[in-house]
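Peer 1: pasted the sequence and its predicted model underneath.
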Amino acid sequence: MNFDQRTRLSVKRRAGTLLSALALSATVTVTGVSAAKAAECENPDALTFAIIPTEETVAELQLYKPVTDRMAKMTGKKIQFFMPTSYASVVEGLLSKFVDVAVLGPYTYVIANSKDPNVEVFATYAKKKGHMQEEGPGYKAALISKKGSKFTTIDSLKGSTLALADPGSTSGNLMPRVVFSKVVNMDIDKFFGKVIYSGSHELSAVAVHKGKVDAAFVATHRFDNVVNKGEIKLEDVNILWESKPIPQDPFVYRKPLCEDIKKNIRETFLGLDKEPGAKKFLANVKSNKFVAMSSEDYDIIRDLKAAKDARKKK
């Protein structure tokens, strides 16, 4: 069954659930505003949990099994795991009511929430302290240069060669162009002598270490990946600037779900650190636990999006 077929089936399933609830409500004397709201909320027989795609679908399914098992236990619902081939498909699934719970990227969440406010964030990872990564629910963009080089201050980098990660990167492109440009009071293409795209944060860090570029913007948790591989040490670089924290990937659900279901979904994640079987999952995502998040926590991404959209109009 393809995505469209599954979506249509899901909509029919939910329509049947809602109609059944309305029919039942017509035969039962219901009083009070709370009871009326309960009759209007969605109470599907099963919940579909989707994540944005990675390279290893089967591995992700196994990785998330402690999570889906706990969600099934907490909600009393059958959990269907769904990992499509694109970020956009997860958003489409949420908007079509096929997907109930999902993991999105920060930028993807902002886009989805702008299209439908019923896509609601409730939690994210609280990362463990790493080499450059700080403990907590955010990461930073960091401007680094090679230790021992003449590039020891922001001013010393004027006219030098800079590596960015990718045009689609938040911390490795958007943040430098929108936020750091205000630090140097000019477009970074004018401040630096040459700006290149390395392809990833990890490649940018290695390029700085090998002297192929003079500086680079890297995400703090991505820099840690290179350190963990033994390709570079934190002491090998100068950190000349850091951004404000950028929120980690948001976990979202659809707001029309009944309140008791949403409460149990939240508890599935926020109490996951107390689940013995979930230790491997938390270790794999290098996190101690999940923490509650609100839509306002992603305003920094909205500001970046607005600035990016404004740049396009120029």
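Peer 2: Good, I have the coordinates. Numbers count the residues shown, from 1 in each chain.

Peer 1: what bits of the stretch 101-250 of the chain have low per-residue confidence?
Peer 2: Applying pLDDT under 70 to the stretch 101-250 of the chain flags residues 168.

Peer 1: need the helices for it, in chain order.
Peer 2: For the stretch 101-250 of the chain, the helices defined by DSSP state H, counting those that start in this stretch cover 106-115, 175, 181-183, 188-191, 201-209, 220-228.

Peer 1: tell me which of those sits nearest to Asn238.
Peer 2: Taking CB to CB, helix 201-209 is the member of the helices of the stretch 101-250 of the chain nearest to Asn238, at 9.5 Å. Every residue, glycine included, has its C-beta placed from N, CA and C.

Peer 1: contact partners of that closest one?
Peer 2: Here helix 201-209 makes contact (CB atoms under 8 Å, 6 or more residues apart in numbering) with 144-146, 163-165, 169, 171-172, 198, 213-219, 222-223, 225-226, 231-232, 236-237.

Peer 1: so among those residues, which ones count as buried?
Peer 2: Burial by neighbour count, judged by 16 or more other CB atoms under 10 Å, picks out 144-146, 163-165, 169, 171-172, 198, 213-219, 222-223, 225-226, 232, 236-237 from these.

Peer 1: ok so, going back, now, the contacts of helix 201-209 that are in strands?
Peer 2: Among these, the members falling in strands (DSSP state E) are Ile144, Ser145, Lys146, Ala163, Leu164, Ala215, Ala216, Phe217, Val218, Ala219, Val237.

Peer 1: and which of these is nearest Glu134?
Peer 2: Looking across those and measuring by CB to CB, the closest to Glu134 is Ala219, at 12.1 Å.

Peer 1: how far off helix 106-115 does the top strand by length along the chain point, in degrees?
Peer 2: The single longest strand within the chain, with elements called by DSSP E, is strand 119-127. Counting by axes from the mean of the first three to the mean of the last three CA atoms, to 10 degrees, strand 119-127 lies at 160 degrees to helix 106-115.
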